[in-house]
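Engineer: model this:
(chains A, B, C and D)
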2 protein chains.
Amino acid sequence: MRPEHKNVPAFPPGPHLDSDCRGAASVLARVGDKWSVFVIMMLGDGAKRFNEIKRMIGGISQRMLTLTLRGLERDGLVTRTVFPTIPPRVDYELTELGRGLSAPVKALGQWAIEHQPEIQRARTKFDARNES
Amino acid sequence: MRPEHKNVPAFPPGPHLDSDCRGAASVLARVGDKWSVFVIMMLGDGAKRFNEIKRMIGGISQRMLTLTLRGLERDGLVTRTVFPTIPPRVDYELTELGRGLSAPVKALGQWAIEHQPEIQRARTKFDARNES
DNA sequence: CCGTATCCCAGCGGATACTG
DNA sequence: CAGTATCCGCTGGGATACGG
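Structural biologist: Take a look at the predicted model:
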């Protein structure tokens, strides 16, 4: 297959952003990925199996879950352990690095939950003001 | 125009994810947006003008910056102030809500900067192992 | 300077079917 | 169960040109 992986976007050239921010971009891209965030949150409390994650998230396709997990594995954020049993069983678990990331991510999730109502209101208000 | 705005994805139905997480999804989608994150970070230290932001980020198109700012404005995260001078001048600034969000976002950015090398190494290692 | 309007294409991501 | 392979529609987002 070799899907040439994700963006890892070799971000647009030019000395516009200071290089630290620039380097962080490719990392933030991972976080920026909708599904990655969910998976990281799900894995926050212990290892999970493929279909287990799939069910917990809900609405993610087999394909996207695979791709997402591969991406996370590639970045050293999750480990993939195969049990050569029948039927086969595969566990995914956050690495040390992954657990480190899950903290800020959870903080974000927490914020999102807390302020969701405010944002919803802001949205409807904005939409109301700009309707023809 | 009315671009029917963004996703605000009316996330996939089904009782898979507990409803709190589900509601947070549309908020996380904002954060998940690459450009939104950058803009929030840029605006972290005071109000900025349109082209100022554009230059600081670098590599963002006029169009995308406009859309991003509109999205953030809609969500009540930034304010847009127009000075009817000639030439016109428009300032963007984080709202109280936006500043609240900028904290977790910065934490994430910080993490990204700190652990970027590790991730880079993980990536090359992974790619090396899987090359044909 | 700060946008909006059009054109246009790569690639994200869903649905489905097939293997070990 | 845990994937891989294929097809394909949709839209995110760049390039460009124009308006206030």
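Engineer: just the CA coordinates of stretch A:38-58, formatted as PDB?
Structural biologist: The C-alpha trace of stretch A:38-58 is given here as PDB (Å, rounded to 0.1, in the frame of the first residue of the first chain):
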ATOM      1  CA  PHE A  38     -10.900  10.800  19.900                       C
ATOM      2  CA  VAL A  39      -8.700   7.700  19.800                       C
ATOM      3  CA  ILE A  40      -6.200   9.300  22.200                       C
ATOM      4  CA  MET A  41      -9.000  10.100  24.600                       C
ATOM      5  CA  MET A  42     -10.500   6.600  24.300                       C
ATOM      6  CA  LEU A  43      -7.100   5.100  25.000                       C
ATOM      7  CA  GLY A  44      -6.600   7.400  27.900                       C
ATOM      8  CA  ASP A  45      -7.800   4.800  30.300                       C
ATOM      9  CA  GLY A  46      -6.000   1.600  29.300                       C
ATOM     10  CA  ALA A  47      -5.400  -0.600  26.300                       C
ATOM     11  CA  LYS A  48      -8.200  -1.400  23.900                       C
ATOM     12  CA  ARG A  49      -8.900  -3.700  21.000                       C
ATOM     13  CA  PHE A  50      -9.700  -2.500  17.500                       C
ATOM     14  CA  ASN A  51     -13.400  -3.100  17.400                       C
ATOM     15  CA  GLU A  52     -13.700  -1.900  21.000                       C
ATOM     16  CA  ILE A  53     -12.300   1.500  20.000                       C
ATOM     17  CA  LYS A  54     -14.500   1.500  16.900                       C
ATOM     18  CA  ARG A  55     -17.600   1.000  18.900                       C
ATOM     19  CA  MET A  56     -16.700   3.500  21.500                       C
ATOM     20  CA  ILE A  57     -16.100   6.300  19.000                       C
ATOM     21  CA  GLY A  58     -19.000   5.400  16.800                       C
END
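Engineer: Only the buried residues of that stretch, if you could.
Structural biologist: Buried residues in stretch A:38-58, counted by 16 or more other CB atoms under 10 Å in any protein chain shown: A:38-43, A:48, A:50, A:53-54, A:56-58. Just so you know, the C-beta spots here come from the backbone N, C-alpha and C atoms, and that holds for glycine as well.
Engineer: Nearest to B:L67 among those?
Structural biologist: Nearest to B:L67 out of the buried residues of stretch A:38-58 is A:F38 (CB to CB; 24.0 Å).
Engineer: Now do that closest one against DNA strand C, distance only.
Structural biologist: Distance, A:F38 to DNA strand C, by CB to the nearest atom of the strand, to the nearest Å: 11 Å.
Engineer: Any chance of the backbone angles for that residue?
Structural biologist: Dihedral angles phi and psi of A:F38 (degrees, to the nearest 10) take the values phi -60, psi -50.
Engineer: follow-up on the earlier one: just the buried residues of stretch A:38-58 now: which is nearest chain B?
Structural biologist: Set against chain B, the nearest of the buried residues of stretch A:38-58 by CB to the nearest CB is A:G58 (2.2 Å).
Engineer: Now the closest one: phi and psi?
Structural biologist: The phi/psi pair for A:G58 (degrees, to the nearest 10) reads phi 70, psi 130.
Engineer: cool, and A:T79?
Structural biologist: Torsion angles at A:T79 (phi, psi; degrees, to the nearest 10) stand at phi -110, psi 150.
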